[in-house]
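*Asks:* Coordinates only, no sequence provided:
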């Protein structure tokens, strides 16, 4: 009888344990500070996006959210640091589509694999890109530009902030789509490319709206198109690419937050909800607008699908244009 009682006690304990509800990883998350890796120094554009999100998350989640600035090497340093961190949701990174998509095709050898190593968490913003021209260029629409370029192959040129930059890659897509023969002139920075186009040393420049909007409004540049879904309220007379019959350019430059592959799904979903909540307030919309961007939110699944679709679109563009950063 005593033996039976001794055997029954552990058995009952095991049955009780089996019947107990199974907890989720997200229930206890976060239990320590979260780190957000930023490819840029304090005060850089990615840093300006990341810090207010971190503060909002700190307030709502009750844990410190620490910005970890890792500038250099075109984002490779930041992405390698993320890859080498534990897949527990306590290390995130703010990225652009260059880090999550383009780098795979711009570099022959990467220290990380964007498709295998990065887990989509949440998008945060898109940066409207405006195709501008020197006022002396005899073209006032995309159709005018294509016709002019085809009538003078190799004569027109466009500036970019650097090889492999968003203005460069986007303009090469435009060339491939239209068959226009327009020469690329790379510079060391956006302001250098901007000043060259204002001074008529180059004729075209595709850039973030915040950089070129003042020059468009004072007449030093004219705008031919913008890549947003709808016209920008601050530039209401500038038609979108889509309005002018050119598809595939909608909101092409984006920023988002990723984790390393392997983070539990319920933690990723919780982070998506927190980040989405952080950027949707009117204060954040105004702040992002001051940086020349538009708040962009979606589910984890839709963000992952967007990244996958971008690989299918931009991989062939970069390869056909023979753009390389090696």
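*Replies:* Great, that's in hand. Keep in mind it's a predicted model, so treat the numbers as computed, not measured. Residues are numbered from 1 along each chain as shown.

*Asks:* Okay, strands next: where are they in the stretch 201-326 of the chain?
*Replies:* 204-208, 222-226, 254-260, 294-295 (DSSP state E, counting those that start in this stretch).

*Asks:* Redo those strands as CSV? Include distance to residue 48 and mean pLDDT.
*Replies:* To be clear about C-beta, it is placed using only N, CA and C from the backbone, and glycine gets the same treatment. Shown next, in CSV, are the strands of the stretch 201-326 of the chain (distance: least, C-beta to C-beta, whole Å; pLDDT from 0 to 100):
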stretch, distance to residue 48, mean pLDDT
strand 204-208, 13, 95
strand 222-226, 22, 97
strand 254-260, 10, 97
strand 294-295, 14, 94
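
*Asks:* To residue 136, which of those strands lies closest?
*Replies:* Taking C-beta to C-beta, strand 222-226 is the member of these nearest to residue 136, at 9.4 Å.

*Asks:* what's the offset of the longest helix belonging to the chain from the middle of its chain?
*Replies:* Using DSSP state H to define each element, the chain has its longest helix at helix 300-320. Counting by C-alpha atoms, centre = their mean, to the nearest Å, helix 300-320 is centred 12 Å from the centre of its parent chain.

*Asks:* can you check stretch 211-230 too?
*Replies:* Distance, centroid of stretch 211-230 to centroid of chain: 21 Å (C-alpha atoms, centre = their mean).

*Asks:* Residue 288 and residue 126 touch, don't they?
*Replies:* No - using C-beta atoms under 8 Å, residue 288 is not in contact with residue 126; the gap is 9.6 Å.

*Asks:* Find residues that contact each of those two.
*Replies:* Counting by C-beta atoms under 8 Å, 6 or more residues apart in numbering, the contacts common to residue 288 and residue 126 are residue 294.

*Asks:* how about low-confidence regions in the protein?
*Replies:* 1-25 (pLDDT under 70).

*Asks:* domain ranges for it?
*Replies:* 34-126+253-320, 129-244 (automatic domain parsing).

*Asks:* For the ones you listed, could you give me CSV that also reports distance to residue 27?
*Replies:* Formatted as CSV, these follow (distance: least, C-beta to C-beta, whole Å):
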stretch, distance to residue 27
domain 34-126+253-320, 8
domain 129-244, 38
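
*Asks:* out of the strands of the stretch 201-326 of the chain, which comes closest to residue 245?
*Replies:* strand 222-226 (10.4 Å).

*Asks:* Now do that closest one against strand 204-208, angle only.
*Replies:* Angle between the axes of strand 222-226 and strand 204-208 is 60 degrees (criterion: axes from the mean of the first three to the mean of the last three C-alpha atoms, to 10 degrees).

*Asks:* From the contact counts, what lies against strand 222-226?
*Replies:* strand 129-133, helix 142-151, helix 209-217 (3 or more C-beta pairs under 8 Å, 6 or more residues apart in numbering; DSSP states H and E).

*Asks:* Return the most buried member of these.
*Replies:* Per-stretch averages of neighbours, counted by mean count of other C-beta atoms under 10 Å, single out strand 129-133 among the helices and strands packed on strand 222-226, with a mean of 26.

*Asks:* Mind listing the strands that one pairs with, and their directions?
*Replies:* Strand 129-133 has its sheet partners listed here by DSSP bridges as strand 204-208 (antiparallel), strand 222-226 (antiparallel).

*Asks:* Name the residues that touch the longest helix of the chain?
*Replies:* 97, 100-102, 104-106, 114-115, 118, 120-123, 169, 172-173, 176, 248, 254, 256, 268-269, 272, 298.

*Asks:* which residues touch residue 136?
*Replies:* Residue 136 neighbours (C-beta under 8 Å, 6+ apart): residue 200.

*Asks:* and it, helix, strand or coil?
*Replies:* Going by DSSP: H, G, I helix; E, B strand; the rest coil, the secondary structure assigned to residue 136 is coil.
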